[in-house]
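1. need a structure here:
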Amino acid sequence: MGALAASMDRLGHPDMRPVLRQTLADGPPRLADRRTGGQADRRSVFSDPSGDPAWKEIPSWFIYDTGDRAISAQLLAVMAQRSGSRHAVIVDGASHAPLASQAEPAAALIDEAASGAGG
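-> Numbers count the residues shown, from 1 in each chain. Predicted structure coming up:
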């Protein structure tokens with residue numbers, strides 16, 4: 001019970017900090033700790049219908065990393081191509097969440113998308 005209890009937060013939800021520290025491995029630890037506050041019970045993602053994917057109708061841009069420990073860079077490249085992204089930015093060595101951990105390339109891509117550039 002001790003190990004299980006230690007892995008639960010005060011509301012009985014799993015403690016996501018270890019997972020987020022893994023996915024944000026190239027960011028400061030406090031970033032992962034801060035992001036857990038916004039995590040809620042996500043079980044509905046497995047049962048609620050999602051509808052049509054927005055990327056089929058809305059132009060998209062894609063940023064991904066080569067240091068992701070959750071999804072391979074090869075699969076992320078396929079996802080970028082499949083979504084028809086106007087521009088894909090690859091951040092060498094970044095972790096699973098480059099939008100959170102790699103501010104400069106993420107902001108540049110957001111600026112590009114906001115200006116309508118790249119396609």
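2. now the strands for the protein?
-> 62-65, 88-91 (DSSP state E).
3. Quick check: residue 61 touching residue 113?
-> Yes. Under the criterion of CB atoms under 8 Å, residue 61 makes contact with residue 113 at 4.5 Å. Where you see a C-beta, it was placed from the backbone N, CA and C, and this is true even at glycine.
4. shared neighbours of these two, anything?
-> Any residue near both residue 61 and residue 113 by CB atoms under 8 Å, 6 or more residues apart in numbering counts here, and that gives 86, 87.
5. would a markdown table of the strands of the chain with mean neighbour count, distance to residue 26 and mean pLDDT be doable?
-> Converted to a markdown table, the strands of the chain look like this (neighbours: other CB atoms under 10 Å; distance: least, CB to CB, whole Å; pLDDT from 0 to 100):
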| stretch | mean neighbour count | distance to residue 26 | mean pLDDT |
| --- | --- | --- | --- |
| strand 62-65 | 22 | 8 | 92 |
| strand 88-91 | 18 | 9 | 93 |
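6. The ones you listed into a markdown table, with extra columns for distance to residue 53?
-> Shown next, in a markdown table, are the strands of the chain (distance: least, CB to CB, whole Å):
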| stretch | distance to residue 53 |
| --- | --- |
| strand 62-65 | 13 |
| strand 88-91 | 17 |
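7. between those strands, which gets nearest to residue 106?
-> strand 62-65 (5.9 Å; CB to CB).
8. what are the pairing partners of that closest one, and which direction each?
-> Sheet pairing for strand 62-65, assigned by DSSP bridges, gives strand 88-91 (parallel).
9. Quick one: mean pLDDT over stretch 92-101.
-> The average pLDDT within stretch 92-101 is 86.
10. buried ones in it?
-> Across stretch 92-101, burial judged by 16 or more other CB atoms under 10 Å covers 94, 95, 96, 97, 98, 100, 101.
11. Show me what it is in contact with.
-> So stretch 92-101 is contacted by 22-27, 31, 35, 63-71, 91, 102, 105-106 (CB under 8 Å, 6+ apart).
12. what do you get for stretch 107-119?
-> Taking CB under 8 Å, 6+ apart as the rule, stretch 107-119 contacts 59, 61, 63, 86, 87, 89.
13. With that, I have no additional questions.
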